[in-house]
Each structure stands twice: as structure tokens, then as C-alpha cells.
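1. Here is a sequence with its predicted model. Questions after.
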Amino acid sequence: MAIEKIIASCNGSERSAIEALLLVNEHLEAELHQLYAAYSIAVAEGDLKTQH
């Protein structure tokens, strides 16, 4: 169902839908890397305690 909506939002172009999904994925991966970095800094500075 979601795939059909994405393709429809790209005027029926499957290629455009794939390109859009790849861009969204790239953005999410970059955001995840930023979160990992922020977490690592917080742990290193003692702001967070890791669970063991």
C-alpha cells in the first residue's frame, strides 16, 4: 500500500519513486550517524551512563 502511494506521488514513475526512497534513506542514515555521534560524546563526557 505504501509503495503505491509513493509511486503515485511521483506521477506514476517507478524510477522517480526509487530515487525519492534512496534520498530519504540517505537522510535517515545521516541522521542516525549524528545520533550515534551525539550519544558517544555524551557517554564520553559522563552525561550518560551506559547499561551493562
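-> Yep, that arrived. Everything numeric here is computed off the predicted structure, so don't read it as measured data.

2. quick one: residue 7 and residue 14 touch, right?
-> Yes: with contact defined as C-beta atoms under 8 Å, residue 7 reaches residue 14; the gap is 5.9 Å. To be clear about C-beta, it is placed using only N, CA and C from the backbone, and glycine gets the same treatment.

3. Neighbour count: those two, which is higher?
-> Higher neighbour count among residue 7 and residue 14: residue 7, with 17 against 11, using other C-beta atoms under 10 Å.

4. OK, contacts around that one?
-> By C-beta atoms under 8 Å, 6 or more residues apart in numbering, the residues touching residue 7 are 13-14, 17.

5. For residue 24, see how far away it is.
-> According to C-beta to C-beta, to the nearest Å, residue 7 stands 14 Å off from residue 24.

6. now swap in residue 38 and tell me
-> 21 Å.

7. Turn the contacts of residue 7 into TSV, columns for pLDDT and secondary structure.
-> Converted to TSV, the contacts of residue 7 look like this (pLDDT from 0 to 100; DSSP: H, G, I helix; E, B strand; the rest coil):
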residue	pLDDT	secondary structure
13	97	coil
14	96	helix
17	96	helix
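
8. Good, we can wrap up now.
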